[in-house]
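Undergrad: Below are the sequence and a predicted model; questions follow.
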Amino acid sequence: MDAIQTRKLTKYYGNARGIIDLDLTVKEGEFFGFIGPNGAGKSTTIRTLLGMISPTGGSARIFAQDILQDRESILGKTGYMPSEAVFYSGMKVRDVLKLSADLRKCDCREEAGKLCGRLQLDPGRKVDELSFGNRKKVSIVCALQHKPELLILDEPTSGLDPLMQREFFDILRERNREGATIFLSSHVLSEIQRNCSRAAIIREGRMIACDSVEALSRTNARRVTVHGRVLLEELEGIRDKKRTENSVSFLYGGDMNRLLQVLASGEVWDLSVSEPDLEEIFLHYYESEDGEKEGETA
């Protein structure tokens with residue numbers, strides 16, 4: 001069964017673009033990444049899926065249920081973590097967690113206690129006194145304490161220190177092994193690369209790529225770093241060039257023999273050639289449509 005399926009899902013805010021013709025399928029049990037910078041349409045997609053806003057066109061189903069007609073049933077199976085955590089003023093953490101559980105008609109005290117312990121969250125503190133990172137922890141527990149079948153997480157790690165980020169992803173991987181589907185929206189590409197099996201890239205409201213993380217990372221381009229004095233002006237296939245006084249680093253997708261010829265005509269003290277990471281590949285998808293493709297002249 002598909003955990004999430006959208007067909008031509010579209011949302012406009014008046015004349016402003018939200019998402020356009022989004023066709024997306026997430027299989028049950030997947031750890032799926034949703035990649036894009038701020039403003040690309042990630043949060044709009046999530047809010048539409050959860051019925052917080054109504055689509056302008058198209059359709060979407062979660063566990064084969066329509067997001068509009070079956071919203072209450074869908075929410076009962078889903079844990080949602082927004083990018084910003086906001087709670088009622090004056091409440092203690094334990095009160096927020098109980099309210100979230102009561103809305104789902106669940107007794108989550110045991111699981112909430114375990115999660116608070118792992119995340120080093122004091123349930124006796126007032127939410128008004130919490131740092132941004134600790135408010136994110138409250139949001140994590142609210143999303144996970146009822147052990148949902150689907151977790152939808154919107155930029156979940158902002159504000160968490162590195163140790164808590166590691167613990168958070170340990171928890172997510174455990175839930176995923178137990179069968180939960182995880183939909184992780186992020187602009188931190190290392191999170192996607194380390195944890196997700198598949199990912200979609202969204203740009204200006206449209207999905208521009210969807211594949212396994214391995215396939216998205218696969219390219220014939222290489223990251224080349226040269227220490228020395230070389231002239232690259234006539235070499236085609238260069239992009240993302242970065243210079244210092246005595247070195248240059250660039251992504252190269254051209255003829256390797258030609259590269260070696262050009263380098264041999266200069267003075268090379270050291271040379272490294274490596275595969276680019278997902279972040280560098282991601283930039284390729286976000287190049288301007290009118291400008292700079294891999295074959296540009298350096």
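TA: Looks like it came in fine.

Undergrad: Which residue lies nearest the spatial centre of the chain?
TA: Centroid check for the chain by C-alpha atoms, centre = their mean gives residue 186 as the closest residue, at 2.4 Å.

Undergrad: That one bridge partners, please.
TA: Taking DSSP bridges as the rule, residue 186 bridges to residue 35.

Undergrad: Distance of it relative to residue 96?
TA: Counting by C-beta to C-beta, to the nearest Å, the separation of residue 186 from residue 96 is 24 Å. For every residue, glycine as well, the C-beta is placed using N, CA and C.

Undergrad: Where does the residue nearest to residue 18 when sequence neighbours are not counted sit, in terms of helix or strand?
TA: Among residues not flanking residue 18 along the chain, residue 11 sits closest, at 3.6 Å (C-beta to C-beta, 6 or more residues apart in numbering). Assigning secondary structure by DSSP states H and E places residue 11 in strand 2-13.

Undergrad: So which bits of that strand are buried?
TA: Buried residues in strand 2-13, counted by 16 or more other C-beta atoms under 10 Å: 2-6, 9-11.

Undergrad: same deal with stretch 13-33?
TA: Residues of stretch 13-33 classed as buried by neighbour count (16+ other C-beta under 10 Å): 18-20, 22, 24, 26, 29-33.

Undergrad: now do stretch 34-52
TA: 34-36, 40-51.

Undergrad: Also stretch 120-132?
TA: Buried-residue list, stretch 120-132, by 16+ other C-beta under 10 Å: 121, 123, 127, 130.

Undergrad: Is it correct that the second one is in contact with residue 98?
TA: Looking back up the chat, that one is residue 123. No: assessed by C-beta atoms under 8 Å, residue 123 is found out of contact with residue 98, at 9.6 Å.

Undergrad: Tell me the one of the buried residues of stretch 120-132 nearest residue 107?
TA: residue 123 (15.3 Å; C-beta to C-beta).

Undergrad: before we move on, which element is the residue nearest to the closest one when sequence neighbours are not counted in?
TA: Closest residue to residue 123 apart from its sequence neighbours, by C-beta to C-beta, 6+ apart: residue 94 at 4.0 Å. In this structure, residue 94 sits in helix 93-103 according to DSSP H and E.

Undergrad: could you say what helices and strands whichever helix or strand comes after that helix packs with?
TA: Counting by DSSP H and E, the next helix or strand C-terminal to helix 93-103 is helix 109-118. Applying 3 or more C-beta pairs under 8 Å, 6 or more residues apart in numbering; DSSP states H and E, one finds that helix 109-118 makes contact with helix 93-103, helix 132-144, helix 162-177.

Undergrad: quick revisit: which of the buried residues of stretch 120-132 fall within helices?
TA: Counting by DSSP state H, no part of the buried residues of stretch 120-132 is found in helices.

Undergrad: So which of the residues you listed is the closest to residue 221?
TA: residue 121 (43.1 Å).

Undergrad: That closest one: what's its closest spatial neighbour, skipping adjacent residues?
TA: residue 137 (4.5 Å).

Undergrad: Residue 46 too?
TA: Distances taken as C-beta to C-beta, 6+ apart put residue 154 closest to residue 46, at 5.3 Å, once the chain neighbours are dropped.

Undergrad: which stretches of the stretch 101-250 of the chain have low pLDDT?
TA: 219-220 (pLDDT under 70).

Undergrad: what do you get if the cut-off is 90, keeping everything else the same?
TA: 158-159, 186-193, 203-204, 208-209, 213-223, 229-246, 249-250 (pLDDT under 90).

Undergrad: hmm, back to that, closest one to residue 205 out of the buried residues of stretch 34-52, please.
TA: Distances from residue 205 to the buried residues of stretch 34-52, taken by C-beta to C-beta, are shortest for residue 41, at 4.2 Å.

Undergrad: what's the spacing between that closest one and residue 62?
TA: Residue 41 sits at a distance of 18 Å from residue 62 (criterion: C-beta to C-beta).

Undergrad: Stretch 43-57 spans what distance, first to last residue?
TA: One end of stretch 43-57 to the other measures 17 Å (C-alpha to C-alpha, to the nearest Å).

Undergrad: residues making contact with it?
TA: Contact partners of stretch 43-57, identified using C-beta atoms under 8 Å, 6 or more residues apart in numbering, comprise 4, 6, 8-12, 18-19, 22, 24, 34, 60, 62, 67-68, 71, 74-75, 78, 80, 83, 152, 154, 183, 185, 202, 205.
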